[in-house]
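[1] Got a predicted structure here, sequence first:
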Amino acid sequence: MRKIEHLGIAVKDLEAATQTYKALLGKSAYQTERVESEGVETVFFKTGESKIELLGATREDSPIAKYIKKRGEGIHHIAFDVEDIDAEIKRLKGEGFRLISDEPKLGADNKRIAFLHPKSSHGVLVELCQEAS
Ligand SMILES: CC[C@H](C(=O)O)C(=O)SCCNC(=O)CCNC(=O)[C@H](O)C(C)(C)COP(=O)(O)OP(=O)(O)OC[C@H]1O[C@@H](n2cnc3c(N)ncnc32)[C@H](O)[C@@H]1OP(=O)(O)O
Ligand SMILES: [Co+2]
């Protein structure tokens with residue numbers, strides 16, 4: 001794990017949250033991206049070496065919609081930047097971590113991503129991110 005790539009924050013109203021974080025961070029978002037495969041719309045802010053990713057649900061069965069229904073708004077996941085996501089998945093499986101899927105998928109912000117189950121990391125949803133070439 002090279003660094004924290006982003007913190008994912010689940011929000012009910014993406015537009016309102018974007019204005020709030022623009023005021024909080026004193027800067028505008030650098031990117032908004034809809035990822036239908038995940039049922040999310042994302043808004044990214046750069047914060048030094050890492051980022052804030054605001055996540056709104058685009059459909060009822062989105063993981064974000066389910067999360068907010070159960071737990072309300074808040075920090076949803078922590079994403080780490082990795083050099084080689086395939087090697088990292090293999091290493092983590094060897095360490096006994098539970099992967100939600102063994103195969104990376106295309107995420108937002110031009111990344112290949114994979115998730116560990118939160119039960120493997122003491123209740124924190126962990127995302128692995130590798131810059132897609
Ligand atoms: C566009 C990509 C973007 C990017 O950065 O590129 C993203 O970050 S997309 C983010 C949204 N996508 C995902 O989160 C995909 C991975 N998540 C999942 O596969 C599910 O959400 C999963 C498996 C974590 C939970 O789904 P499930 O259907 O099992 O929901 P439950 O409510 O039954 O949860 C089971 C258990 O886990 C706890 N839980 C759920 N979500 C989280 C979370 N975000 N952080 C911590 N814990 C979580 C939940 O409370 C249940 O625990 P229990 O003790 O039984 O209550
Ligand atoms: Co993310």
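    Okay, I see it. Ligands and ions are numbered 1, 2, ... in the order given.
[2] separation between residue 109 and ligand 1?
    In this view, residue 109 and ligand 1 are 6 Å apart by CB to the nearest ligand atom, to the nearest Å. Bear in mind the C-beta positions are built from the backbone N, C-alpha and C, glycine included.
[3] what sits against residue 89?
    Residue 89 makes contact with 99, 102, 104, 114, 128 under the criterion CB atoms under 8 Å, 6 or more residues apart in numbering.
[4] Please, which helix or strand holds the closest residue to the second one other than its chain neighbours?
    Going back to what we said before, that points to residue 102. Leaving out its chain neighbours, the residue that sits closest to residue 102 by CB to CB, 6 or more residues apart in numbering is residue 89, at 6.2 Å. With elements taken from DSSP states H and E, the one containing residue 89 is helix 85-94.
[5] and that helix, what's its mean pLDDT?
    Here helix 85-94 scores 98 as its mean pLDDT.
[6] hmm, back to that, what about the residue nearest to residue 102, distance to residue 114?
    6 Å (CB to CB, to the nearest Å).
[7] do the same with residue 130
    According to CB to CB, residue 130 stands 9 Å off from residue 114.
[8] who touches both of the two?
    Common neighbours of residue 130 and residue 114 (criterion: CB under 8 Å, 6+ apart): 85, 104.
[9] quick one: residue 112 and residue 129 touch, right?
    Yes. Using CB atoms under 8 Å, residue 112 is in contact with residue 129, at 7.4 Å.
[10] I am finished for the moment; much appreciated.
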